[in-house]
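Asker: Okay, predicted coordinates and the sequence, questions at the end:
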Amino acid sequence: MIETPDTPWEDLTGIDRHAACLQAARGGDRKALDALVADLTPLLWHVARGNGLDRQAAEDVAQNVWLGFLRHLHRMREPRALVAWLVVTARRESRRTWPESKRVTVGETEEVPSDFGLPEVEALRDERDRTLWAAFGRLPRRCQELLRLTVLEGRAQYEAVSRALVMPRGSIGPTRGRCLKNLRAELER
C-alpha cells in the first residue's frame, strides 16, 4: 500500500507547489495555507515596497492581500494563476492604500527584516544593500517591477510574471537581461 504524503506539495516548486497548496487549502488544510503564506509573503512585501510604501504600510498591504485571498479562495478558477493574482492585488492595494505624498523612494527602502548576523558583517551588508538599492531606484519602474518579480520567484514563474506585468512570456528573459545590464551600469557609476 502506497501512502500519500501529508503534504503533497512539499516536493513541488513554483507554480505547481502553489497550485497544490491552493487546492489543499480549499479543502481546509491549514498546513497548505501556512506554506503559501510563508512562500509568498516576501513577494507581496516586495511588491508593496516597490510601489513606494514604507515598512508598516507594506506589512498592512500584505495582510490585506491575504485576507482578500481568503475571501476569494473558493472562487479562484485557475490555481496556477495564484501568484499573478496576488501580485496584481498587492499592486492595486498598494496604490489604493497609501497616498503618493507619503511614499518613500526605493533608495530609502530596507531589506526584508533579518534577525541574524554579526555587527561587522551587517554593516558591510548594509552598505552594499544601500548602494544596490540606490542603483536599483534609478532604473525605470518597469525594470524595477520585472526584476523584483523574477528575482523573487525565479524562472519557473515566468508565466505568472507574464500575466502580472501583461508582458509576453518570451520577452521576459531578454528584457530582464537588459534591466540587469542597466543595473550593473548604474552600480559602476
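Answerer: Cool, the structure landed.
Asker: Skip the chain neighbours and tell me the closest residue to Arg178.
Answerer: With sequence-adjacent residues excluded and distances taken as CB to CB, 6 or more residues apart in numbering, Arg178 is closest to Cys143, at 7.8 Å. For glycine as for every other residue, the C-beta is placed from the backbone atoms N, C-alpha and C.
Asker: I figured the one you found hits Cys179, correct?
Answerer: Yes - under the contact definition of CB atoms under 8 Å, Cys143 touches Cys179, with a separation of 3.8 Å.
Asker: following the helix or strand the residue nearest to Arg178 falls within, which helix or strand shows up next?
Answerer: Element membership of Cys143 [criterion: DSSP states H and E] is helix 141-153. Stepping forward along the backbone from helix 141-153, the first helix or strand reached (DSSP H and E) is helix 158-165.
Asker: and that next one, what does it pack onto?
Answerer: Using 3 or more CB pairs under 8 Å, 6 or more residues apart in numbering; DSSP states H and E, the elements in contact with helix 158-165 are helix 82-97, helix 141-153, helix 169-188.
Asker: Report how many residues lie close to the residue lying closest to Ala90 once chain neighbours are set aside.
Answerer: Using CB to CB, 6+ apart and skipping residues adjacent in sequence, the residue nearest Ala90 is Val47, 4.1 Å away. The number of residues packed near Val47 is 27, by other CB atoms under 10 Å.
Asker: Using neighbour counts, pick out the buried residues of the helix or strand harbouring Val47.
Answerer: Assigned by DSSP H and E, Val47 falls within helix 30-50. Taking 16 or more other CB atoms under 10 Å as the neighbour-count basis, helix 30-50 is seen to contain the buried residues 32-33, 35-36, 39-41, 43-50.
Asker: I'd like the distance between His18 and His46.
Answerer: 16 Å (CB to CB, to the nearest Å).
Asker: Okay, angle between the worst-scoring helix or strand of the chain on mean pLDDT and helix 169-188 too, please.
Answerer: When each helix and strand of the chain is scored by mean pLDDT, DSSP states H and E, helix 119-137 comes last, with a mean of 76. Our comparison of helix 119-137 with helix 169-188, counting by axes from the mean of the first three to the mean of the last three CA atoms, to 10 degrees, yields an angle of 120 degrees.
Asker: how far out from the middle of the chain is helix 119-137?
Answerer: Using CA atoms, centre = their mean, to the nearest Å, the distance from the centre of helix 119-137 to the centre of the chain it belongs to is 20 Å.
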